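Enquirer: Attaching a predicted model along with its sequence, questions to come.
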Amino acid sequence: MNENDYAVRVRGLVKRYPDKVAVDGVDLDIHRGEVFALLGPNGAGKTTATEVLEGYRRADEGEISVLGVDPAHGDRRWRSRLGIVAQSSRDEAELSVAELVHHFAGYYPNPRDPDEVIASVGLQDKRKTRTRKLSGGQRRRLDVALGVIGNPELLFLDEPTTGFDPEARRQFWTLIENLRTAGTTILLTTHYLDEAEHLADRVGVIADGRMVEVGTPETLGGRGARTARVSWLDADGAHEVRTDEPTAEVARLMQRFGGEVPELQVRRPSLEDVYLELIGSVGTAAEPAVEVGAA
Ligand SMILES: Nc1ncnc2c1ncn2[C@@H]1O[C@H](COP(=O)(O)OP(=O)(O)OP(=O)(O)O)[C@@H](O)[C@H]1O
């Protein structure tokens, strides 16, 4: 890969606040066209790191390149290539949705069609509604619309679906998939593990200012290679075994039951199990193997 294959390259990023090292030596590569999800508990340093990449905060240490530019020296043209959906929204309460989106389109050299963008976030019925009358979830959708209106090469989404109902979240996922198909690079921070799993090519787990691990949602924390749990029901009740050969276990059960195995399930650790383990929480898939009931 050469430098142009990366939307973001970070080496040794440190950001200190007066009483806190918020980001403590983070390395990060995001490839062009990739959806990268940053996961981590409250206060881990995700927003601070993102704000440095966006050029809103200066790093204390580190080498940072965003679309080939050091954000500390990013000019207006560079900024117009970014889309930003921050955690707190802007306040232009007296404008309607359509007015605001059209207004923002005017800031960019190559904007997307405002009406298409409004429809893509599911706000077409609210085009004429003043923004102060939107619900929290609708306001958040408007934030997303304003983040993508400039047709960004790199889109930052900081907890974009907080407050969305399940249908709106699905609709948002489709929007992100379409942007990805169109070649947009996306850095997403989220607390929803299912969202990261659904959308991200790779995830990075950050805790206490440090990058703990980077991997695909399928393989993070050795997830793909982990022991599976096979569970079923028989006359004695529920049973579960942990095994590295779940297929053989299922074949054995099928033979024993002469066909259909009641309540059969095969599970591997979820992304949430692995995530909680990585950030040092308790009660995860790493518990010692236990056989619940004999087969
Ligand atoms: N402006 C600030 N001044 C001082 N300390 C700050 C400031 N902003 C953040 N911090 C501290 O830096 C640390 C990292 O905060 P940050 O907002 O980057 O975390 P986060 O991972 O985005 O958290 P969340 O998931 O809650 O959004 C926290 O301890 C926070 O209290």
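Expert: Thanks, I have it.

Enquirer: tell me which element the residue nearest the centre of the chain falls in.
Expert: For the chain, the residue nearest the mean C-alpha position is Ala37 (3.5 Å; Cα atoms, centre = their mean). Taking DSSP states H and E as the definition, Ala37 sits inside strand 35-39.

Enquirer: Strand partners (parallel or antiparallel) of that strand?
Expert: Partners of strand 35-39 in the sheet, by DSSP bridges, are strand 185-189 (parallel), strand 202-207 (parallel).

Enquirer: Throw those into JSON lines and include mean pLDDT and mean neighbour count, thanks.
Expert: All C-beta spots, glycine's among them, are computed from the backbone N, C-alpha and C. Shown next, in JSON lines, are the strands paired with strand 35-39 (pLDDT from 0 to 100; neighbours: other Cβ atoms under 10 Å):
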{"stretch": "strand 185-189", "mean pLDDT": "96", "mean neighbour count": "24"}
{"stretch": "strand 202-207", "mean pLDDT": "95", "mean neighbour count": "23"}
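
Enquirer: So Pro180 lies in a helix, does it not?
Expert: If you look again at residue 180, you'll see it is Arg, not Pro. Yes. Under DSSP: H, G, I helix; E, B strand; the rest coil, Arg180 sits within a helix.

Enquirer: any low-confidence regions in the stretch 1-150 of the chain?
Expert: Low-confidence segments of the stretch 1-150 of the chain, defined by pLDDT under 70: 1, 3, 89-91.

Enquirer: Strands along that one, start to end?
Expert: 6-17, 20-31, 35-39, 61-66, 82-85 (DSSP state E, counting those that start in this stretch).

Enquirer: Near the closest residue to Thr162 other than its chain neighbours, how many residues? Count them for me, please.
Expert: Counting by Cβ to Cβ, 6 or more residues apart in numbering, Thr162 lies nearest to Arg140, which is 6.6 Å off, once chain neighbours are set aside. A count of neighbours around Arg140, defined by other Cβ atoms under 10 Å, yields 23.

Enquirer: Could you do the one 4 residues further on as well?
Expert: Close neighbours of Val144, defined as other Cβ under 10 Å, add up to 25.

Enquirer: Can you verify my assumption that it contacts Leu155?
Expert: No. Val144 is beyond contact range of Leu155, at 9.3 Å (criterion: Cβ atoms under 8 Å).

Enquirer: what residues are shared contacts of these two?
Expert: Val85 (Cβ atoms under 8 Å, 6 or more residues apart in numbering).

Enquirer: among the strands of the stretch 1-150 of the chain, which is the most enclosed?
Expert: Comparing the strands of the stretch 1-150 of the chain by mean neighbour count (mean count of other Cβ atoms under 10 Å), strand 35-39 comes out on top with a mean of 25.

Enquirer: Checking it against the ligand, do any of its residues make contact.
Expert: No. Contact of strand 35-39 with the ligand (Cβ under 6 Å from any ligand atom) is absent, the minimum separation being 8.2 Å.

Enquirer: contacting residues for the closest residue to Pro111 other than its chain neighbours?
Expert: In space, and not counting its chain neighbours, Pro111 is closest to Ala105: 3.9 Å by Cβ to Cβ, 6+ apart. The contact partners of Ala105, by Cβ under 8 Å, 6+ apart, come to Pro111, Arg112, Pro114, Ile149, Gly150.

Enquirer: which residues does the first one contact?
Expert: The reference is to Pro111. Pro111 sits in contact with Phe104, Ala105, Ile149, Gly150, Asn151, where contact means Cβ under 8 Å, 6+ apart.

Enquirer: Kindly recompute the last result at 10 Å.
Expert: By Cβ atoms under 10 Å, 6 or more residues apart in numbering, Pro111 lies in contact with Ser80, Val101, His102, Phe104, Ala105, Val117, Val148, Ile149, Gly150, Asn151.

Enquirer: Need those residues in a markdown table (columns: distance to the ligand).
Expert: Shown next, in a markdown table, are the contacts of Pro111 (distance: Cβ to the nearest ligand atom, whole Å):
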| residue | distance to the ligand |
| --- | --- |
| Ser80 | 25 |
| Val101 | 26 |
| His102 | 31 |
| Phe104 | 24 |
| Ala105 | 29 |
| Val117 | 26 |
| Val148 | 21 |
| Ile149 | 24 |
| Gly150 | 24 |
| Asn151 | 26 |
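
Enquirer: No further queries at this time; thank you.
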